[in-house]
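# Pasting the sequence and the predicted coordinates here, then a few questions.
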Amino acid sequence: MPRPRSPKGAQAPVKSALRVLEVLEHFAAIERPASVSDLAKALNYPQSSTSMLVRTMIEQGYLAEAEERKVVPTDRVAMLGRWLDTRLSDTRLHKLMRDLSQRTGETILLGIPSDCNAIYAEAIPATNPMRLHIARGTTRPIEASGVGLMLLSAMDDAEIARRVARAARLREEHQRVPLHAVMEEVEAIRRRGYSRSVDRIAPGAGIVCVLIPGTAPDNPVAIGIGGLSSLLLERTDELVALLRDRTAHHLGAPAGE
């Protein structure tokens, strides 16, 4: 999995801590046990340090030994974040994503905010021949991406201004987006109840997304369908209707309204 780039001015990550997180992210992506050699190869780590890291994580209860000399995350990992937001561990939400994936064949994404970025906390890859690939853990600028603007639309104007100002301090000059431009887009999203972004981050690709119902202003969650720009432009109304219908079916309330 590619590592998200650190914003300008951010401190370099601590290598050992980063590797622990990358191991857990890798298991989240593959959803099966893996051997030490599997991990070393996938994450481009030295075999010896991977073995030491895995042994430490086993001793601390975050990994457990499985069959065929493989290891797998334990329930301790699953329990770590449940207190933060039960929506992200809600099986109904995962069923919703699987449902959308089966109905569209497109990339299904779950976005959450992290200061100046939006993070894809969950991602189901597309199955269509012409597909958009976005890995779990991918970040996008919160003030300059479809999912980021969707998340901002749930926040009050003062919080939006704070995040945009902080982003401006971290971005290169050509990447900065003025607050008035962000607010124009946010107001439009609030009026229509969904965000559509095409050709903004990756030429020829984009996303249509809505808010998960019950979203708290300080901790919103968005769900979206990512795909080719041509598809999104042609089928926006259909995809938004599908997002709302399946959200109501699985979660009991329409999304983005």
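Arrived safely.
# tell me how far the helix or strand hosting residue 21 is from the chain's mean position?
In the assignment (DSSP states H and E), residue 21 maps to helix 15-30. Taking CA atoms, centre = their mean, to the nearest Å, one finds helix 15-30 lying 15 Å from the centre of the chain it belongs to.
# quick one: average pLDDT of it?
Model confidence over helix 15-30, given as mean pLDDT, is 89.
# Kindly report the same for stretch 153-163.
Per-residue scores along stretch 153-163 average to 95.
# got the buried residues for that stretch?
For stretch 153-163, burial by neighbour count (16 or more other CB atoms under 10 Å) applies to 153, 154, 155, 160, 163. Where you see a C-beta, it was placed from the backbone N, CA and C, and this is true even at glycine.
# Closest to residue 92 out of those residues?
The nearest member of the buried residues of stretch 153-163 to residue 92, counting by CB to CB, is residue 154 at 19.9 Å.
# In contact with that closest one, which residues?
211, 215, 216, 217, 220 (CB atoms under 8 Å, 6 or more residues apart in numbering).
# got a winner among those residues for most neighbours?
Counting neighbours by other CB atoms under 10 Å, residue 211 leads the contacts of residue 154 with 24 neighbours.
# Would you confirm that it contacts residue 220?
Yes - using CB atoms under 8 Å, residue 211 makes contact with residue 220 at a distance of 5.9 Å.
# Spell out which residues are contacts of both of the two.
By CB under 8 Å, 6+ apart, the residues touching both residue 211 and residue 220 are 150, 151, 154.
# got a list of what the second one touches?
I take that to be residue 151. Counting by CB under 8 Å, 6+ apart, residue 151 has contacts 111, 112, 113, 118, 142, 211, 220, 222.
# Would you reformat the buried residues of stretch 153-163 as a markdown table and include distance to residue 236?
Shown next, in a markdown table, are the buried residues of stretch 153-163 (distance: CB to CB, whole Å):
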| residue | distance to residue 236 |
| --- | --- |
| 153 | 17 |
| 154 | 20 |
| 155 | 24 |
| 160 | 24 |
| 163 | 26 |
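# nearest to residue 205, of those residues?
residue 153 (21.4 Å).
# now for the strand or helix carrying residue 188, which elements pack on it?
Using DSSP H and E, residue 188 falls within helix 179-192. Secondary-structure packing of helix 179-192 (3 or more CB pairs under 8 Å, 6 or more residues apart in numbering; DSSP states H and E): helix 146-152, helix 157-170.
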